[in-house]
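> Structure, please.
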Amino acid sequence: MRHILLYIIVCIALIPRVYSQKNKVEKADSQFQDYAFIDAIGTYEKVVKEGYRSPELFQRLADSYYFTGDYTQAAKYYKELFKENPKPNSEYYYRYSLCLKSLGDFTNADKMMDIFISQNSNDQRGRIFTSNSDYLTLIDENSNRYDIRSLDLNSDHSDYSPAFFGESIVFTSNRPIPGKRKPKIDKWSNEPFSNLYISNIAENGNYGDVHLLSENLNSEFHQSSAVFTKDGKVMYFTANTYSGRKGKDKGIKTLVLLKATLNDKGSWTNVLEVPIDQKGSNNAHPALSPDEKTLYFSSDRSGSFGESDLYRAVIKSDGTYGKPENLGSAINTEGRETFPFISKANELYFSSNGYPGMGGLDIYRAIIYPNGTLSQPVNVGKPVNSTEDDFGFIINSVSKDGYFTSNKKDKYGSDNIYKIKETKSLKEDAGQSKLISGNINEVTTNLPITGAKITLYDNQYTKILETQSKEAGSYALGRLGYGTYRLKVEMTGYETVEFFTTVSNTEPEALKLQQSLVKNYTNVTAGTNLNEILNTHDLYFELNKWDLNSLAEADLAKVLMFMTKYPKIMVNVEAHTDVRGSDDYNLKLSARRADAVVKWLTKNGVAKKRLHPVGYGETKITNQCKDGIECSEKEHRLNRRIDFVVTH
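Model (predicted):
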């Protein structure tokens, strides 16, 4: 009885604690759902200290740390997740792998990737990892190419995403605006919402006072990631839009791209949203091509490969924008591609966690070729890339001076801006390309086709470029980075052809692609002689014979291909002779010839009911070689023919 009483007392004592834990978990879950990750971490941690464990708890606690860039703590709780649930969603093997790299544990990180790949054979991140098993060696080969120093303009808050602006540097910071007593806090990071700041660069390389770029641009939420035209008069930047009840934090915050113009008084005005947004999507981190005719940016819009992809849109001469184009699988993965920058040398620098790297976001470089295709991305190496998040890379390709952002440990806040000087070029082993050209011809005549439209896509069917064949049937695609591409060839009156080609280091430097087109005879009419449209030359018989020689069979193969392609077409197989021999003999001889042709076609798959053999003997002579007229053997041969006349 005493034991039963003790058990009841203990259970009663535990009831408030159990309800307390449940309430805390529900509160943390609500904070997690509202992207208040810092608050969620605090609440989840309290529950863990009280001894509460569950797969859902550790998954969300680890994710909270992961989304706020604390990979060390995320690794700790992903490990606990695996203890509670040995078979979680496969994506957690990938995240755990990234986090293990922050601990320097590349061996176990690669083991996690092996498990991830075994469960996701079609995931591009896995395929890239498999084909780059020596990625650490290549990273080492491309390391120590920069002189790096931290900047005094950094604060105790996040400072990131630098941009060139004349003799100044513009950057994003979460530091409180001077003189503003209570800054609005972003619950994701528990820091004030960001604004754009500017600092002048003196001739001695020192940086002047930091102040807001413009009071006109401030709002309650984020402004970040600016890029400027060369004349300094136009700026594109990222900002939040917000929908929800006024005064409340709950609602939908989305990132949009804005454009502002510098007026004669030095103020940024005429702030307009760039009309490339897709409802419910985030669009951020704008970049401009060297000719300022193309806008690059990051987006999570539908159709993206992963968490966020890189896109580009043409800036038209009238100020409107073309349809955003995904950069395709040459760049984007199922992970996160973000913070693009285009150098004067047409190099795309961006950050990604989808490629084999040092951990977190790493910085990569790809060459943009004149035709718009891109080379394979290459990791820019250590110490720019670290086991933490590295992003916001910009560089002057002439002076080799630049900046980047990292949340590696520093005396300042979480994200800090670093100045760099490139001292050695990037190793190009993984970034080569091939010069691609080709020819288009007609399959039966082998004559060149002019004006055929050739469209190039990546292997995910994202359009890259379009061109036409010239007078000699030739076309040029320019340099293509390594990878698999799809080509589509279209020409009025011909069957459309699509095929894949792979560009790799196994081909010659210049690769030529030959493609033949077949005419489209879907609407061929009754009475048409297939010999005329298939360009047959050798469907003739020897004197007094009905067996088929190799030349005749080669032409019959064209007929076979045609009838296989158009299974509803029916034909008369009409056989003929020359005038030598009696009329009766020639009728019988031509019938044997027609039967021989029908037998060959049916043997090779044409239904017999589609073929009607007819022997005309010498009744349809096509030249002057009639009875009593002396002709050469070559002239007589032209009458020992087969015609294929369409009946239906």
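> so where is the stretch 451-600 of the chain shaky, pLDDT-wise?
Counting by pLDDT under 70, the stretch 451-600 of the chain has low-confidence residues at 460, 505-507.
> in it, which spans are helices?
For the stretch 451-600 of the chain, the helices defined by DSSP state H, counting those that start in this stretch cover 530-534, 550-565, 583-603.
> among those helices, which is nearest residue 82?
Residue 82 lies closest to helix 550-565 among the helices of the stretch 451-600 of the chain, at 55.9 Å (C-beta to C-beta). Where C-beta positions appear, they are placed from N, C-alpha and C, glycine not excepted.
> mind putting the helices of the stretch 451-600 of the chain in a markdown table, distance to residue 441 and mean neighbour count included?
What follows is the helices of the stretch 451-600 of the chain, written out as a markdown table (distance: least, C-beta to C-beta, whole Å; neighbours: other C-beta atoms under 10 Å):
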| stretch | distance to residue 441 | mean neighbour count |
| --- | --- | --- |
| helix 530-534 | 15 | 18 |
| helix 550-565 | 15 | 16 |
| helix 583-603 | 26 | 18 |
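> now for these, which one comes closest to residue 518?
helix 550-565 (7.6 Å).
> who touches the closest one?
Helix 550-565 has contacts (C-beta atoms under 8 Å, 6 or more residues apart in numbering) with 444, 495, 518, 521, 530, 534-541, 548, 569, 571, 597, 600-601, 604-606, 610, 642, 644.
> Which among these count as buried?
Buried by 16 or more other C-beta atoms under 10 Å: 444, 518, 521, 530, 534-536, 539-541, 548, 569, 571, 597, 600-601, 606, 610, 642, 644, out of these.
> So which of those sit within strands?
Here DSSP state E is the test, and the buried ones among the contacts of helix 550-565 give 571, 642, 644 as lying in strands.
> Using CSV, please lay out those residues together with distance to residue 123.
CSV is the format used below for those (distance: C-beta to C-beta, whole Å):
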residue, distance to residue 123
571, 51
642, 56
644, 52
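> for those, which one is nearest residue 434?
Relative to residue 434, the closest of those is residue 644; by C-beta to C-beta it sits at 43.2 Å.
> Contact partners for the nearest residue to the closest one once chain neighbours are set aside?
Closest residue in space to residue 644, ignoring its immediate chain neighbours: residue 530 at 3.9 Å, by C-beta to C-beta, 6 or more residues apart in numbering. Listed by C-beta under 8 Å, 6+ apart, the contact set of residue 530 reads 536, 559, 562, 571, 644-646.
> Out of those, which is nearest to residue 93?
Nearest to residue 93 among the contacts of residue 530 is residue 562, at 53.2 Å by C-beta to C-beta.
> what's the neighbour count on residue 291?
Neighbours of residue 291 under the rule other C-beta atoms under 10 Å: 10.
> cool, residue 184 as well?
Counted with other C-beta under 10 Å, the neighbours of residue 184 add up to 12.
> just residue 208 next, same as before
If you count neighbours by other C-beta under 10 Å, residue 208 ends up with 13.
> Where does the closest residue to it other than its chain neighbours sit: helix, strand or coil?
Of all residues not flanking residue 208 in the chain, residue 200 sits nearest, at 4.0 Å (C-beta to C-beta, 6+ apart). When classified by DSSP: H, G, I helix; E, B strand; the rest coil, residue 200 comes out as strand.
> OK, contacts around residue 200?
Going by C-beta under 8 Å, 6+ apart, residue 200 touches 167-168, 207-208.
> got TSV for those, with pLDDT too?
As requested, the contacts of residue 200 are exported to TSV (pLDDT from 0 to 100):
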residue	pLDDT
167	90
168	93
207	86
208	83
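> Where helices are concerned, which of those count?
Applying DSSP state H to the contacts of residue 200, no entry is found in helices.
> What's the separation between the closest residue to residue 306 other than its chain neighbours and residue 488?
Excluding its sequence neighbours, the residue lying closest to residue 306 (C-beta to C-beta, 6+ apart) is residue 334, at 4.0 Å. Distance of residue 334 to residue 488, computed by C-beta to C-beta, to the nearest Å: 26 Å.
> ditto for residue 631
50 Å.
> swap in residue 317?
Per C-beta to C-beta, residue 317 is found 29 Å from residue 488.
> Count the residues that sit near residue 195.
Neighbours around residue 195, by other C-beta under 10 Å: 23.
> Touching stretch 230-244 from outside, list them.
Contact with stretch 230-244 is made by 165-166, 193, 196, 217, 219-229, 250-262, 268, 274, 283-286, 288, 292, 295, as judged by C-beta under 8 Å, 6+ apart.
> cool, and stretch 390-405?
Residues contacting stretch 390-405 (C-beta under 8 Å, 6+ apart): 159-164, 169, 225, 338-339, 341, 343-345, 347, 349-351, 358, 360-363, 380, 384, 406, 408, 415-423.
> how far out from the middle of the chain is it?
24 Å (C-alpha atoms, centre = their mean, to the nearest Å).
> how about it: buried residues?
Using 16+ other C-beta under 10 Å as the burial criterion, the residues of stretch 390-405 that qualify are 390-395, 400-405.
> ends of that stretch, how far apart?
6 Å (C-alpha to C-alpha, to the nearest Å).
> I'd like the mean pLDDT over it, please.
Stretch 390-405 carries an average pLDDT of 95.
> Contact partners for the closest residue to residue 641 other than its chain neighbours?
Residue nearest to residue 641 in three dimensions, not counting chain neighbours: residue 576, with 5.2 Å by C-beta to C-beta, 6+ apart. Neighbouring residues of residue 576 by C-beta under 8 Å, 6+ apart: 590, 593, 616-618, 620-621, 639-643.
> which one of these has the most neighbours?
Most surrounded of the contacts of residue 576: other C-beta under 10 Å gives residue 590, at 27 neighbours.
> The closest residue to it other than its chain neighbours and residue 585, how far apart?
What sits nearest to residue 590 in space, not counting adjacent residues and going by C-beta to C-beta, 6+ apart, is residue 615, at 3.4 Å. Residue 615 sits at a distance of 11 Å from residue 585 (criterion: C-beta to C-beta).
> likewise residue 282?
On the measure of C-beta to C-beta, residue 282 and residue 585 end up 85 Å apart.
> in the stretch 1-150 of the chain, which spans are helices?
2-33, 37-49, 55-67, 71-84, 91-102, 106-119, 124-131, 135-141.
> which one of those lies closest to residue 212?
Of the helices of the stretch 1-150 of the chain, nearest to residue 212 by C-beta to C-beta is helix 37-49, at 25.2 Å.
> on that earlier part again, could the helices of the stretch 1-150 of the chain go into a markdown table alongside mean pLDDT and mean neighbour count?
Listed next are the helices of the stretch 1-150 of the chain as a markdown table, based on pLDDT from 0 to 100; neighbours: other C-beta atoms under 10 Å:
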| stretch | mean pLDDT | mean neighbour count |
| --- | --- | --- |
| helix 2-33 | 57 | 12 |
| helix 37-49 | 86 | 19 |
| helix 55-67 | 89 | 21 |
| helix 71-84 | 90 | 19 |
| helix 91-102 | 89 | 24 |
| helix 106-119 | 90 | 16 |
| helix 124-131 | 83 | 18 |
| helix 135-141 | 89 | 16 |
